[in-house]
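A.B. asks: need a 3D model of the sequence below.
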Amino acid sequence: MKTTTLLCTPLLLSLAVLPGVGWGQVQPSAEPAAPSQAPAAPAVPMLPALAWEPPPLQPFTATYQAFYKGKEAGDATMQVTHTGGNQWRVDMQVVGRRGFASVLGLNIEQSTVFEERGGVYAPLSQSTVRKGLFLGKKAVGTYNWQAGTAQWTGDVKKDRAQPIPLQAGDQSALLINLAIMRDARPGVAMHYRYVDMGKVRQHDYQAAPQTENVEVGDLSYNALRVYRSNGGNNETILWIANGVPTPVRILQREDGEDRVDLRLIEYQGV
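C.D. replies: A predicted model of the protein is given here:
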């Protein structure tokens, strides 16, 4: 069992730029044009870079510090568990402990059971539970690949309780996080069909052409920024670092303002 407490020891990861493609959903983007003029100042020599290697699918538990509109609001936990054979489970829990979220007793739990099929993550079931002072809702979804449909029951709107035709590669919300960890390369575009909670949406993501320095608490990462390119006013940005099996930061913004910000503080893996 490997435990890494990210608040204790500063960690700097140097990553390489190795373009590549995934299992069919990933397309390389055009390389940016070279600048017309050389920079005035000489380039700073870079440290030797490591090869960009997507993390293998493996069990881990990650703890995030959660911020809401720039203020600390609680914490979140993401866990991936191998349940036997080619079947896995990913869970996310967000707990409000400060401010308005604490007053409401906000507690959101999501989980997806899925199969790993030759590098493809195929969801089998999904559940969402919301708990709180004025909340108490639960919805469960089943991805029936034999019948070719997905359907949700429980606290869902009538129009979202109808069967949804499935397509190869369909992902739940939580699986998209794992798929990005698998597929992301500098400069690569990623495309996923989101099927979750009775909704179908196209999620397109773009990886930056090179890594950048990102601060997470007391730590500095040389991380790759991946952002949703078709979210409109609702932005989703993830930063991923070589050697870390989960995003080091997940930021959701609305109308140009930070809304939900999850920052990794600890992870445990095999």
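A.B. asks: for the rest of this, base every contact and every neighbour count on C-alpha atoms.
C.D. replies: Noted.
A.B. asks: what helices or strands is the one helix or strand A223 maps to leaning on?
C.D. replies: Per DSSP states H and E, A223 falls inside strand 219-228. Applying 3 or more C-alpha pairs under 8 Å, 6 or more residues apart in numbering; DSSP states H and E, one finds that strand 219-228 contacts strand 199-207, strand 212-216, strand 234-240.
A.B. asks: just want the angle from that strand to strand 212-216.
C.D. replies: With axes from the mean of the first three to the mean of the last three C-alpha atoms, to 10 degrees defining the directions, strand 219-228 sits at 110 degrees from strand 212-216.
A.B. asks: picking that back up, winner for burial among the helices and strands packed on strand 219-228?
C.D. replies: Highest mean neighbour count among the helices and strands packed on strand 219-228 (mean count of other C-alpha atoms under 10 Å): strand 234-240, with a mean of 21.
A.B. asks: what's that strand packed up against?
C.D. replies: By 3+ C-alpha pairs under 8 Å, 6+ apart, strand 234-240 packs against strand 219-228, strand 249-254.
A.B. asks: now do the shortest one: everything it contacts.
C.D. replies: Strand 249-254 has contacts (C-alpha atoms under 8 Å, 6 or more residues apart in numbering) with 216, 233-240, 258-264.
A.B. asks: who does it pair with, and is each partner parallel or antiparallel?
C.D. replies: Partners of strand 249-254 in the sheet, by DSSP bridges, are strand 234-240 (antiparallel), strand 257-269 (antiparallel).
A.B. asks: state the mean pLDDT of the shortest one.
C.D. replies: So the one you mean is strand 234-240. Mean pLDDT, computed over strand 234-240, is 94.
A.B. asks: any low-confidence regions in the stretch 1-150 of the chain?
C.D. replies: Judged by pLDDT under 70, the stretch 1-150 of the chain has its weakly predicted residues at 1-51, 98-106, 132-135.
A.B. asks: what strand or helix carries the residue nearest the centre of the chain?
C.D. replies: Geometric centre of the chain, nearest residue: N177, 2.8 Å, by C-alpha atoms, centre = their mean. Using DSSP H and E, N177 sits within helix 173-183.
A.B. asks: buried ones in that helix?
C.D. replies: By 16 or more other C-alpha atoms under 10 Å, the buried positions in helix 173-183 come out as A173, L174, L175, I176, L178, A179, I180, M181, R182, D183.
A.B. asks: with stretch 143-156 instead?
C.D. replies: Y143, N144, A150, Q151, W152, T153, D155.
A.B. asks: got the CA positions of stretch 242-253 in CSV?
C.D. replies: Listed next in CSV are the C-alpha coordinates belonging to stretch 242-253 (Å, rounded to 0.1, in the frame of the first residue of the first chain):
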residue,chain,number,x,y,z
ASN,A,242,2.6,12.4,-14.4
GLY,A,243,2.7,9.6,-11.8
VAL,A,244,-0.6,10.7,-10.0
PRO,A,245,-3.6,8.5,-10.8
THR,A,246,-6.2,11.2,-10.3
PRO,A,247,-6.4,14.9,-11.2
VAL,A,248,-4.5,17.1,-8.9
ARG,A,249,-7.1,19.8,-9.3
ILE,A,250,-10.7,20.0,-10.7
LEU,A,251,-12.2,23.4,-11.2
GLN,A,252,-15.8,24.2,-12.3
ARG,A,253,-16.5,27.8,-13.3
